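Trainee: Just the structure for this:
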Amino acid sequence: MIARVSSSVENWRAKILSRYDAEEYRLWRDFKKPAVFFGLYHPRDWLVFMLHRGKRTAVFCGSDILQIGLAWRLLKRLKATWICENEVEAGVLKLMLGRDDIWVEPLCFSESDEFPVCYQPSDRPSVFIHINHNAEAESGWAPIERIAPMVEEISFHIYGKMGARLDAPSNVVFHGWVPEEQFNQEIRGYQAALRLHEWDGFAETLAKSVLLGQWPISRIRYPLIDSYRDEAELIEKLRDLKNKKEPNWEGHDYYVHKFENSL
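Mentor: Below is the predicted model:
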């Protein structure tokens, strides 16, 4: 595979190239070869994508769809394979491009065998969520503040570059930014990932959680992953975690197959 990774997802470049055993794209060398473009965020991405003369595959990573703006007029004329990671993204892209042949394919840039099933049930479950500074609103910090006192039996573990809040509910634990190896090890002791974004690509936190046999909860619907419509239903899903006595084998097997056969 030949892959071009947008500078807007630079932090994923090495993982993407490694995951798909891909050669990094060079326009002067590869413009007539089949290529996969990860992220179409800004004019340089769109320009390279349009200049390419080989088979094109566009993988949208989330907010890039919202940044297309008037470039959709140019993109819709191009012959390409279009891939989104969920139905929410695909629905918007279908409207922009005026076409129905949009593939929906959750992707994971980590290797599935790095996350063996190790789920352990708990009567006082722990969930984890990733929130960065300046992304608190989109990541769902406000709902956690509101609902955490209502589910005191749940521990909420916050990872990422969001600063600790001294007035946070007592069942919220702030870990800050930690190296990925440490994060991958620590989340094995939890029961679920939370992903509260209204707009999103398929998050690595969800992928890692379901691969570990956990019972992740997402605002956006995905096959075999619990989702919710409002905060009342989110509370209900959180309270039900104590009843999850066995690993989520069905979800694990489904996503291992998905990830190993993607692209």
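Trainee: residue contacts, residue 118?
Mentor: Neighbour list for residue 118: 188, 212, 213 [criterion: C-beta atoms under 8 Å, 6 or more residues apart in numbering]. Every C-beta, even on glycine, is put in place using the N, C-alpha and C of the backbone.
Trainee: can you do 10 Å?
Mentor: 188, 189, 212, 213, 214, 247 (C-beta atoms under 10 Å, 6 or more residues apart in numbering).
Trainee: mind listing the strands for the stretch 101-250 of the chain?
Mentor: Along the stretch 101-250 of the chain, counting by DSSP state E, counting those that start in this stretch, strands occupy 102-104, 126-130, 155-159, 172-176, 192-195, 217-218, 226-227.
Trainee: Looking at the closest residue to residue 155 other than its chain neighbours now. What's its pLDDT?
Mentor: Leaving out its chain neighbours, the residue that sits closest to residue 155 by C-beta to C-beta, 6 or more residues apart in numbering is residue 126, at 4.3 Å. Looking at residue 126, its pLDDT stands at 98.
Trainee: quick one: residue 126 from residue 80, how far?
Mentor: Separation of residue 126 from residue 80 (C-beta to C-beta, to the nearest Å): 42 Å.
Trainee: is it true that residue 255 lies in a helix?
Mentor: Yes. Residue 255 forms part of a helix when assessed by DSSP: H, G, I helix; E, B strand; the rest coil.
Trainee: Wait, it touches residue 106, no?
Mentor: Yes. Counting by C-beta atoms under 10 Å, residue 106 is a contact partner of residue 255 at 7.2 Å.
Trainee: more neighbours, the two?
Mentor: Between residue 255 and residue 106, residue 255 has the larger neighbour count (other C-beta atoms under 10 Å), namely 25 against 21.
Trainee: Distance-wise, check the spatially closest residue to that one that is not a sequence neighbour relative to residue 89.
Mentor: Closest residue to residue 255 apart from its sequence neighbours, by C-beta to C-beta, 6+ apart: residue 210 at 5.2 Å. Counting by C-beta to C-beta, the gap from residue 210 to residue 89 is 19 Å.
Trainee: which one of those two has more residues nearby?
Mentor: Set side by side, residue 210 and residue 89 show more neighbours around residue 210, with 29 against 25, by other C-beta under 10 Å.
Trainee: Please list all residues in contact with the more buried one.
Mentor: Residue 210 neighbours (C-beta under 10 Å, 6+ apart): 106, 108, 115, 117, 192-193, 216, 218, 222, 224-225, 248, 250-256.
Trainee: From residue 66, how far off is residue 72?
Mentor: Taken as C-beta to C-beta, the span from residue 72 to residue 66 is 11 Å.
Trainee: Among the two, which residue is more densely surrounded?
Mentor: Using other C-beta under 10 Å as the criterion, residue 72 and residue 66 rank with residue 72 on top: 16 against 12.
Trainee: Next up, the contacts around the more buried one.
Mentor: 46, 65, 93, 95, 96, 97, 98 are the contacts of residue 72 under C-beta under 10 Å, 6+ apart.
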